[in-house]
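1. Structure of the sequence below:
(2 chains)
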2 protein chains.
Amino acid sequence: MKSSVQISTLQNGIRVVSENFPHSGTVALGAWVAAGGRCETEKNNGISHFLEHMAFKGTTTRTAKQIAEEIERVGGYLNAYTAREETAYYAHLLKEDLAVGVEILSDILISPTFCAEELERERGVILQEIGRAQDSPDSIVFDHLQQTAYPNQPMGRSILGPQSVVSSLSVQDLRVYRDHFYRGPHFVFSAAGNVDHDILVQLVSKAFPSLPAAPSGHTLDPARYQGGVLADTRPLEQVHITFGVEGVAFSDPDYYVSALFDAILGTGMSSRLFQEVREKRGLVYSVHSFHSSYKDSGLFGIYAGTGEEKCEELIKVVRDECHKMAEGVRDEEMQRARAQFKSSLLMAAESPSAVCMRNAEHLLIYDRIIPREEMIAQAEAVTSQQIARFSERLFQNKALTLAVVGPVKENTAQHLAALFQSA
Amino acid sequence: MKSSVQISTLQNGIRVVSENFPHSGTVALGAWVAAGGRCETEKNNGISHFLEHMAFKGTTTRTAKQIAEEIERVGGYLNAYTAREETAYYAHLLKEDLAVGVEILSDILISPTFCAEELERERGVILQEIGRAQDSPDSIVFDHLQQTAYPNQPMGRSILGPQSVVSSLSVQDLRVYRDHFYRGPHFVFSAAGNVDHDILVQLVSKAFPSLPAAPSGHTLDPARYQGGVLADTRPLEQVHITFGVEGVAFSDPDYYVSALFDAILGTGMSSRLFQEVREKRGLVYSVHSFHSSYKDSGLFGIYAGTGEEKCEELIKVVRDECHKMAEGVRDEEMQRARAQFKSSLLMAAESPSAVCMRNAEHLLIYDRIIPREEMIAQAEAVTSQQIARFSERLFQNKALTLAVVGPVKENTAQHLAALFQSA
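-> Just a heads-up that it's a prediction; the model follows:
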C-alpha cells in the first residue's frame, strides 16, 4: 500500500502528522497528549482518565449528547484511552468528513465545561468501570503486576485510580491538571487514510488556536523497578499468573533485541512457551510473553492461566524456558521472529487507525517517525548472541515480580516466586 | 478502495470466493465450514470446538509444531473459531505467501491424524479454556442468556461444551463427526487482499481433492425460543445483566429493520440506552444492545453491568426505553442509524480479514454475496414506521430471557424479570 508521511509544527507547538493512502475511503484521526498516569500523584491518581471521560461531557457550545450525535450522524466513531505516558482522543470517519472530526476533537479538548452535575454522574460511570475491571481477573492481574513491579510511585498505580480518589476529585482538580499538561508542545495531531496534509494543517491550526505554547516544565518521577509478590485470593476456576522482570525503555539499545526475544520466547504458536506449556503439556489455554516500554524503564512479562493443582509444574516449565534462552536460539527461531516483526508492521500499515496511532506515538516517544524500513533493518540486525546475552540481562540475579489472582494464598504465591527463582 | 469479487464452485462442491484489492500487500484467507454447535447433541456438545482444536494438532505429514512453524516463519498468522452454525480456519499473510496459507489450511482440514496422545493433552487445554471462560463474568453471562433463551436444544448449548462431555469425547467421536459434516458442499474457501482468483482456484482445487462431494443430509434441529430466568450468584463488584427476546433470522424480511432498531436503541454513544442509562443517570460503564441472527431464529439482546443497589433503577430505565421505541423514532435517529450502517460496511471493506470473513459468511448463509450497495439500499429503505412496528414485534407479550452473573440470587433475578415485564 503506497503512502506518504508529512509532519508540520504549528506556532503553539502542536505537531501535525498525516499519512496519506490515496486508495482509502476513510480517515482515522486523533489528538495524542503526553499526559497520563505517570503525571499523577497518590492524591490525584485517576485524574488523567477522569479528564479523558469529562472531555465527552460537554463544551461551551455542545452538550454531551450533541458531541455524540455530530460524529455518529455521519457514521463516525469517536473514542479515547488513557495510558501511563499518554492520553488519546481519536475518531474514524469516511474521508469526506475529516473536518467534522477535527472540529469535534478540538472542541472537546479546548473547550470542555466540566459542569459539576455532569462530573457527579461521570464519577458514577467511572466507579462502575472500576467495578467491571475488578470483576475481570485476567485483566486486573496486570494492574497487580504493575503495582508490585513499581510500588509506591506513579508508574505502579492503576490508570483508573482507586475508588477513594475517584470519589474525591473535583472540577478544580481537573482544571489545574488540564491547564498544566494540555499544552501545544505536548500535543500530536495525527491522521491517516485518505487525507491531504495541507488541508489537515489548515483545519488543525484553525481549531486549536488557544492552547498555551509554553511546555509544562513537568519532570516525570523516574520509574524505580523493585519487584515483589502479590496474591489476590478469589474462588475462581483458574489461577491467573503474571511474572515480570525489569525490561527496556523505548530508547534502550536492546529495544529491538527485546522485541525478538519476546517473539521467540512467548509470542505465537511456535514460540517456546506455547510449545512447552500448552502443546507438550496441555497446562494452559493461554500463555504468552509481552514487553512494555516506557521513557525510562520497561517491563518484560509473562501471563498464564491454569488450574490450582498445575501451578507448580507451570512455574517450573516457564522458569526453565526463560533460562534456556541464555543457552542460545536456533536460526529458524531468529528467522521466524524477524519475519513476524516485519509482517506485523506491514499488516498494521494497511489500517488507517493503526497507522494514525503509530505515527502519533512515535512523535511523542522519539520526536520523529521511524520509517518501517528502518525498524525492519533494526530487527534484521539482531543476532542470536544478542538474544542469549539479553536473557542474562533479564533473568540473572534480577528481582522478580509475581502477581496472581485466583484460589491461591499469599504464602503459596511466595512459594511459587521462590520456585521461579531457584535455578 | 477498489475491489472485485469472483466466485467459483469446484467439482466436489467447495465454493471459492476471492475479493481482490490490488493495492494491498497482504492476503487474508480461510476455510469456513457449515458445522458448529447447532450440529451437536447433548452427548457430544463441544465436539465442533474440540475438532477445531485438533486440526492444529498434527496431520499425516506435519506435527503440530511444524504447522505453527510453517505459517509463522513467513510472518503469517493462523487461527480458528467455532460458532453455532459454522467453524472457521483462517490465516493472514503477506501477499507472496498465498500458497503457504492454502497448503497449511488444506492439510489441517483434510489430513488431521487425531493422535490419541495429542487428544489427551488438548483435552487439558480445552478444560483450561472452559475454566477461563467461567472466570469472565461479562462473557459467561452471554452463554447463560443463550441457554435460557433456548433451553434443552442444540441452539442453547455452549460452544465449548460442559467439562463432563469434553472429558469423554474420543478419537472415534471426532472422526464420525468430521466425516459427516466436513464435505465439499459445506465448505467455502475465501480470500481477500492482493489475490488473483484463477491462481487461488488452482491452489484450492489441488489442495482439497479428497473431500466428499455429497452433502451430509443433516437437518438442523429447529431453534425453539422459550425464555426464562437464570441467576449465577457470585460475590462480584457488579451485576452483569443480559436481557433477550426472540429476534430475527438472517432471511427475515425485518432483518435490516432489526439492524437499524439495534443501532437506535443501543449501539454507540448517541443511542437511547447509552444516553438514558449512562449519560443521564451514570448507572453503568457498559450498556449496549445486540442482535444475533441464525438460519431460522434470532436473539435480540441487551447487556448492562451495574452495582447491586442500582439494578432496579437500571431495569426500569431499560424497560421504558424498549417500550418507547414503539412510540416512534426521530428523523435524526433514522439518519444516524443509516449512516452508521453504511460507514461500518465501508470501513470493514478496507480490511482484508473482515472482507474475507464477510464473503464466506454470505455464501454460507445466503448462497450469494450481497453487494454492499444492495445492503446500503436496504438500510436506506427502512422507515421509522417499520422501527415502531418492530418494537411491538419484539416486546409485546413476548417471553423474556434474563440472565445475571453477580451478587444476586434467583428470587431477585425473578423479581427483576417481572419488573421488566410490568408495563
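2. so is residue A:97 in a helix, a strand, or just coil?
-> Secondary structure for residue A:97, judged by DSSP: H, G, I helix; E, B strand; the rest coil, is helix.
3. Can you classify the residue lying closest to it once chain neighbours are set aside as helix, strand or coil?
-> Once flanking residues are discounted, residue A:97 sits nearest to residue A:74: 4.6 Å by C-beta to C-beta, 6 or more residues apart in numbering or on different chains. Quick note: C-beta positions are derived from backbone N, CA and C, even for glycine. On the three-state scheme (three-state DSSP), residue A:74 is labelled coil.
4. Confirm for me that residue A:74 is in contact with residue B:343.
-> Yes - counting by C-beta atoms under 8 Å, residue B:343 is a contact partner of residue A:74 at 7.4 Å.
5. Need the residues touching each of those two.
-> Common contacts of residue A:74 and residue B:343 (C-beta atoms under 8 Å, 6 or more residues apart in numbering or on different chains): A:93-94.
6. With neighbour numbers in mind, choose between the two.
-> Counted by other C-beta atoms under 10 Å in any protein chain shown, residue A:74 and residue B:343 do not tie: residue B:343 has more neighbours, with 22 against 19.
7. Export only the CA atoms of the helix or strand that contains the more buried one, formatted as PDB.
-> In the assignment (DSSP states H and E), residue B:343 maps to helix B:331-348. What follows is helix B:331-348, C-alpha atoms only, in PDB (Å, rounded to 0.1, in the frame of the first residue of the first chain):
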ATOM      1  CA  ASP B 331     -35.700  11.500  11.700                       C
ATOM      2  CA  GLU B 332     -32.200  12.300  13.100                       C
ATOM      3  CA  GLU B 333     -32.100   8.900  14.700                       C
ATOM      4  CA  MET B 334     -33.000   7.200  11.400                       C
ATOM      5  CA  GLN B 335     -30.300   9.200   9.600                       C
ATOM      6  CA  ARG B 336     -27.700   8.300  12.200                       C
ATOM      7  CA  ALA B 337     -28.600   4.600  12.100                       C
ATOM      8  CA  ARG B 338     -28.400   4.500   8.300                       C
ATOM      9  CA  ALA B 339     -25.100   6.500   8.300                       C
ATOM     10  CA  GLN B 340     -23.600   4.100  10.900                       C
ATOM     11  CA  PHE B 341     -24.700   1.100   8.900                       C
ATOM     12  CA  LYS B 342     -23.200   2.400   5.800                       C
ATOM     13  CA  SER B 343     -19.900   3.600   7.300                       C
ATOM     14  CA  SER B 344     -19.300   0.400   9.200                       C
ATOM     15  CA  LEU B 345     -19.700  -1.500   6.000                       C
ATOM     16  CA  LEU B 346     -17.300   0.800   4.200                       C
ATOM     17  CA  MET B 347     -14.700   0.700   7.000                       C
ATOM     18  CA  ALA B 348     -14.800  -3.100   7.100                       C
END
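8. Look at the closest residue to residue A:396 other than its chain neighbours and say how many residues are nearby.
-> Of all residues not flanking residue A:396 in the chain, residue A:326 sits nearest, at 7.9 Å (C-beta to C-beta, 6+ apart). Neighbour count for residue A:326, taken as other C-beta under 10 Å: 17.
9. which residues in the stretch 201-350 of chain A form strands?
-> A:228-233, A:239-246, A:287-293, A:298-306 (DSSP state E, counting those that start in this stretch).
10. Can you give me the distance of residue A:170 to chain B?
-> Shown here: residue A:170 relative to chain B, a distance of 17 Å by C-beta to the nearest C-beta, to the nearest Å.
11. The residue nearest to that residue when sequence neighbours are not counted: how many residues sit nearby?
-> In space, residue A:170 comes closest to residue A:119 once its chain neighbours are excluded; the distance is 7.8 Å by C-beta to C-beta, 6+ apart. By other C-beta under 10 Å, 18 other residues sit near residue A:119.
12. What score does residue A:119 have for pLDDT?
-> Here the pLDDT value assigned to residue A:119 is 97.
13. give the contact list for it.
-> A:54, A:57, A:170-171, A:174.
14. Tell me the one of these nearest residue A:160?
-> Using C-beta to C-beta, residue A:54 is the member of those that sits closest to residue A:160, with 14.3 Å.
15. I'd guessed the closest one sits against residue A:177; true?
-> No - applying C-beta under 8 Å, one finds residue A:54 not in contact with residue A:177, separated by 10.7 Å.
16. higher neighbour count, these two?
-> Neighbours were counted for residue A:54 and for residue A:177 using other C-beta under 10 Å; residue A:54 has more, 25 against 19.
17. what's the spacing between that one and residue A:184?
-> Distance, residue A:54 to residue A:184, using C-beta to C-beta, to the nearest Å: 21 Å.
18. Equivalent analysis for residue A:26, please.
-> Using C-beta to C-beta, residue A:26 is found at 28 Å from residue A:184.
19. Neighbour count for these two, which is higher?
-> Taking neighbours as other C-beta under 10 Å, residue A:26 and residue A:184 compare with residue A:26 leading, 26 against 19.
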